[in-house]
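>>> Just the structure for this:
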Amino acid sequence: MRVVQKFGGSSVADAESIKRVARRIVASKEQGNDVVVVISAMGDTTDDLTDLAQKVSPNPRPRELDMLLTAGERISAALLAMAINDLGFDARSFTGSQAGVLTTASHGDARIIDITPGRIEQALNDGDIVIVAGFQGVSQTTKDVTTLGRGASDTTAVALAAALDASFCEIYSDVDGVFTADPRIVPGAQRIPEIGYEDMLEMAANGAKILHLRCVEYARRENVPVHVRSSFSDKPGTWVKQLDYQEAGMEQPLITGIAHDRSEAKITIIGVPDRVGEAAEIFTVVADADVNIDMIVQNVSKEDDQRTDISFTLAQSDGATAIAALEAAQSRIGFAQVVYNDKVGKVSVVGVGMRSHPGVTARFFRALAEADVNIGMISTSEIRISVVVDIDDIDTAVRAGHTAFGLDAEGEAIVYAGTGR
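Take a look at the predicted model:
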């Protein structure tokens, strides 16, 4: 059987952790598996390298930043190969480009176009354990080293599993699987034994950091089963796969989990002329700046009933870019001012069972009201309800929603390592 395993930064935070991971990989090899391992940088290495770059240059060129940041995964890949070799097994480490990970040319957030795993196949045929540096690849056009965005070692692993026709992909982290909420906030969060791609996509898109969003998208598209486990225990973890509740004779869960996101910000454009096409102008400006938006709310302006106020949320990292683009277009569009607020966050209730159960919104909003949490914005889909709240109310809102839908369990979920940074 061919298996792809991915180990996160907290799993290889120091030398002893690397040796422990090496023993786990060797155990899988001893079971007769062909093993390919995708590895993240040690601990907070990527954050530390980013901080170092900012000290050297306040605005480093994206190409050079990618050259710097990919060093973290190369270090951990080589060290892990050494540890496996010392256990008496042959291991070979590869950079993303050596592994055949071909990407777009966008530095910092490149997309995987294709994987040509010829060197990996040869190493597996030679009986080696293959170690691949995650989070990185090489541009198909410029031939420059690229990075795939934070958390994208998960995507590397799933993409390799698809390219190598692996039986499944194991994602190892510092918790025992996918939980109904972040165990760092809700100690009584429950492990979910199985979760469908649809629910997992919504959880990942709305802040659940256990799996990278593009990893789940890739897994669903290529139908790769993903096994989320802890590298610190032998507990069964969570299977992310295609679920057919009717075929299995199961009822869809009303609520699968509560996700939250602290990385959002809100922009309010005050005094927009109430004319046809003004909203289109505003969001064209934002789109041309390559900024993605999430929620949108439009209200009659407090200043003038012939004007409107438009608010939308976006990633904090895109805040400065969006504001600069909007202010440059202010005189042309004719709005009064732009207000930026990064002291907000998003809390989302996710569950495929919402489609057939009325009253979910009422229950969620009642729980927030009883917890004295004010709702700033609301967005919904068929299987999700999201609200924007003050940053200081996020933990309270997550706990309130978790309790309201009966997701609390006895005992405490274990977080073995990691800072959640």
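>>> Pull out the buried residues from stretch 317-326.
Neighbour counts over stretch 317-326 (16 or more other CB atoms under 10 Å) mark 318-319, 322-323, 325-326 as buried. C-beta coordinates here come from the backbone N, C-alpha and C atoms, glycine included.
>>> Now flag whichever of these is closest to Phe365.
The shortest approach to Phe365 among these belongs to Gly319, at 27.8 Å (CB to CB).
>>> so the closest one sits in a strand?
No - the assignment for Gly319, made by DSSP: H, G, I helix; E, B strand; the rest coil, is helix rather than a strand.
>>> Could you verify my assumption that it touches Ala265?
Yes - with contact defined as CB atoms under 8 Å, Gly319 reaches Ala265; the gap is 4.8 Å.
>>> quick one: pLDDT of Thr256?
pLDDT, Thr256: 92.
>>> Residue for residue, what is the longest helix the chain has?
Scanning the chain for the helix with the most residues, using DSSP state H, yields helix 62-86.
>>> following that one, which helix or strand comes up?
Using DSSP states H and E, the helix or strand that follows helix 62-86 in sequence is strand 91-94.
>>> Would you mind putting the CA coordinates of that next one into PDB?
Output of strand 91-94 as PDB, limited to C-alpha atoms (Å, rounded to 0.1, in the frame of the first residue of the first chain):
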ATOM      1  CA  ALA A  91      15.500   7.900   3.300                       C
ATOM      2  CA  ARG A  92      15.900  10.600   0.600                       C
ATOM      3  CA  SER A  93      14.800  14.200   1.000                       C
ATOM      4  CA  PHE A  94      13.600  16.500  -1.800                       C
END
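>>> partners of the next helix or strand after that strand, with directions?
Downstream of strand 91-94, the first helix or strand assigned by DSSP H and E is strand 101-103. When pairing is defined by DSSP bridges, strand 101-103 lines up against strand 112-115 (antiparallel), strand 136-139 (parallel).
>>> Which one of the ones you listed lies nearest to Ile129?
That would be strand 112-115 among these, by CB to CB, at 18.4 Å.
>>> Next SSE downstream of that closest one?
helix 118-125.
>>> State the mean pLDDT of that following helix.
96.
>>> ditto for stretch 386-395
96.
>>> now swap in stretch 279-294 and tell me
pLDDT averaged over stretch 279-294 gives 93.
>>> Return the distance of it from the chain's centre.
On the basis of CA atoms, centre = their mean, to the nearest Å, stretch 279-294 sits 23 Å off its chain's mean C-alpha point.
>>> List the buried residues of that stretch.
279, 281-282, 285-286, 289, 291, 294.
>>> which residues of the stretch 151-300 of the chain fall in helices?
Remark: helices assigned in the stretch 151-300 of the chain by DSSP state H, counting those that start in this stretch are 153-163, 197-205, 213-222, 245-248, 278-288.
>>> so can I have JSON lines of those helices showing distance to Arg307?
Shown next, in JSON lines, are the helices of the stretch 151-300 of the chain (distance: least, CB to CB, whole Å):
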{"stretch": "helix 153-163", "distance to Arg307": "43"}
{"stretch": "helix 197-205", "distance to Arg307": "33"}
{"stretch": "helix 213-222", "distance to Arg307": "36"}
{"stretch": "helix 245-248", "distance to Arg307": "48"}
{"stretch": "helix 278-288", "distance to Arg307": "9"}
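>>> among the ones you listed, which gets the worst mean confidence?
helix 245-248 (a mean of 56).
>>> hey, C-alpha coordinates of stretch 342-357 in PDB?
In PDB, the C-alpha atoms belonging to stretch 342-357 read as follows (Å, rounded to 0.1, in the frame of the first residue of the first chain):
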ATOM      1  CA  ASP A 342      -9.400  45.200  12.500                       C
ATOM      2  CA  LYS A 343     -10.800  44.500  16.000                       C
ATOM      3  CA  VAL A 344     -13.400  42.100  14.700                       C
ATOM      4  CA  GLY A 345     -13.600  38.300  14.100                       C
ATOM      5  CA  LYS A 346     -15.900  35.800  12.600                       C
ATOM      6  CA  VAL A 347     -17.700  32.900  14.300                       C
ATOM      7  CA  SER A 348     -19.500  30.300  12.100                       C
ATOM      8  CA  VAL A 349     -21.900  27.400  12.800                       C
ATOM      9  CA  VAL A 350     -21.500  24.600  10.200                       C
ATOM     10  CA  GLY A 351     -23.600  21.500   9.500                       C
ATOM     11  CA  VAL A 352     -25.200  19.800   6.600                       C
ATOM     12  CA  GLY A 353     -28.200  19.100   8.800                       C
ATOM     13  CA  MET A 354     -29.300  22.700   8.500                       C
ATOM     14  CA  ARG A 355     -30.800  22.000   5.200                       C
ATOM     15  CA  SER A 356     -33.600  20.000   6.800                       C
ATOM     16  CA  HIS A 357     -33.900  21.500  10.300                       C
END
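>>> buried stuff in that stretch?
344-354.
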